[in-house]
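Undergrad: Any chance you could fold what I've pasted below:
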Amino acid sequence: MTNMNEAFFERASLADLPAFGVAHETNAKAGTGCTVVVMPQGAVCGADVRGGGPATRETDLLRPENMIQKVHSVVLSGGSAFGLAASTGVMDALAEKRIGFQLGSACVPIVVEACLFDLLVGENVFPGHAEGYAAATAALAAWEAKATGGTLAQGNVGAGCGATVGKLLGPQAAMKGGFGWAGLKVKDLVVVALVAVNACGNVCDRTGRWIAGCHDGAGNVMDPREAVCRAFAAASAAEDAPCTNTTLGVVLTNARLTKAETTKAASMAHDAYARAIEPVHTMNDGDTIFVAASGEVEARMDAVGMMACEAMRDAIVNAVTFAEPAYGLPASR
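TA: Prediction:
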């Protein structure tokens, strides 16, 4: 089925957003990794955290009433709260280039982060300083060379390496999640969504067909409402299971937005989660979306928010359809 977005928007990639550089650091053996977005010249950034179990860093800075107006990196990481250590490596990589908030002779990179829980997949290993530093260095190189383009890998990479979906009936019925991205543009306005899908719930495509989530062992993805009923009947509802979830997204745009507007756009982008994932924003999810705006193009916030939602929905589908079977988990493809 043709994606209806193609009737209204042109497809876009990170090559259309030269203010940003993106790179992954992946530990396939351990089943974890991180994805780092750098914006060396700074970008206005907002966030909306909806899940009940977030692991985040510096999100209070993004509140519109607070001082900092621009950030220099957004980090998505596996490793649960341990993965917050990846940001220290990102800070060091940026500080070496004198990228950051200048205070006299001091340079403090502003780095925000959100983590997902993948500790029970592969090995009990998490991204730390070394992984954050490596991903940031690669992202800076991509930015300098304008080399990220349309080549950023999807599937079992970066923050999506150890991601899984469909855990309402426990890990034995889960499938492989992953990392995905998608971009749209109208004239000069560009919006690109990046996402690591590690949801408690199932994922559907634009036709409403469940493409990844709780499976019945015979190659079929169950309706999540059936899975919920089974879980409660078996006294094994998701609330009693390990907290192994969270979908993390970043929306990048060249629009000129205020902090309040990026925060509102992040809120609108969460509609994509609700349309593509069921259930979503549960107590066992730390669902978070950042929006970063580099400011080259005048645009209405509502247009950015709508495009962000549409791009994010496609990115979620890409995350699970590009994922490959791994760690004993089947995949959509």
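Undergrad: check which helix or strand covers the closest residue to residue 123 other than its chain neighbours.
TA: Of all residues not flanking residue 123 in the chain, residue 30 sits nearest, at 4.2 Å (C-beta to C-beta, 6 or more residues apart in numbering). Yep, even glycine has a C-beta here, placed from its N, CA and C like the rest. Remark: residue 30 resides in no helix or strand, with elements defined by DSSP states H and E.
Undergrad: doesn't residue 33 fall inside a helix?
TA: No. Counting by DSSP: H, G, I helix; E, B strand; the rest coil, residue 33 is located in no helix; its state is strand.
Undergrad: Can you name the residues bridging to it?
TA: Applying DSSP bridges to residue 33 gives these bridge partners: residue 26.
Undergrad: ok, back up a step: torsion angles phi and psi at the residue nearest to residue 123?
TA: phi -80, psi -20 (degrees, to the nearest 10).
Undergrad: That one and residue 121: what is the separation?
TA: Taking C-beta to C-beta, to the nearest Å as the measure, residue 30 falls 9 Å from residue 121.
Undergrad: So for these two, which sits in the more crowded spot?
TA: residue 121 (25 against 21; other C-beta atoms under 10 Å).
Undergrad: re the thing from before, report the set of residues contacting both of residue 30 and residue 121.
TA: Counting by C-beta atoms under 8 Å, 6 or more residues apart in numbering, the contacts common to residue 30 and residue 121 are residue 162.
Undergrad: List the residues that contact residue 252.
TA: Neighbours of residue 252 in contact, by C-beta under 8 Å, 6+ apart: 14, 17, 20, 37, 191-194, 292, 294.
Undergrad: possible to save those as a markdown table with neighbour count, pLDDT and secondary structure?
TA: As requested, the contacts of residue 252 are exported to a markdown table (neighbours: other C-beta atoms under 10 Å; pLDDT from 0 to 100; DSSP: H, G, I helix; E, B strand; the rest coil):
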| residue | neighbour count | pLDDT | secondary structure |
| --- | --- | --- | --- |
| 14 | 25 | 94 | helix |
| 17 | 25 | 96 | coil |
| 20 | 27 | 97 | coil |
| 37 | 29 | 98 | strand |
| 191 | 33 | 98 | strand |
| 192 | 29 | 98 | strand |
| 193 | 29 | 98 | strand |
| 194 | 31 | 98 | strand |
| 292 | 29 | 98 | strand |
| 294 | 22 | 97 | strand |
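Undergrad: Wait, a helix at residue 123?
TA: No. With three-state DSSP as the criterion, residue 123 is assigned coil and is not in a helix.
Undergrad: for the stretch 51-200 of the chain, what spans make up the strands?
TA: 56-57, 71-77, 101-103, 106-108, 111-115, 164-165, 175-176, 178-186, 189-197 (DSSP state E, counting those that start in this stretch).
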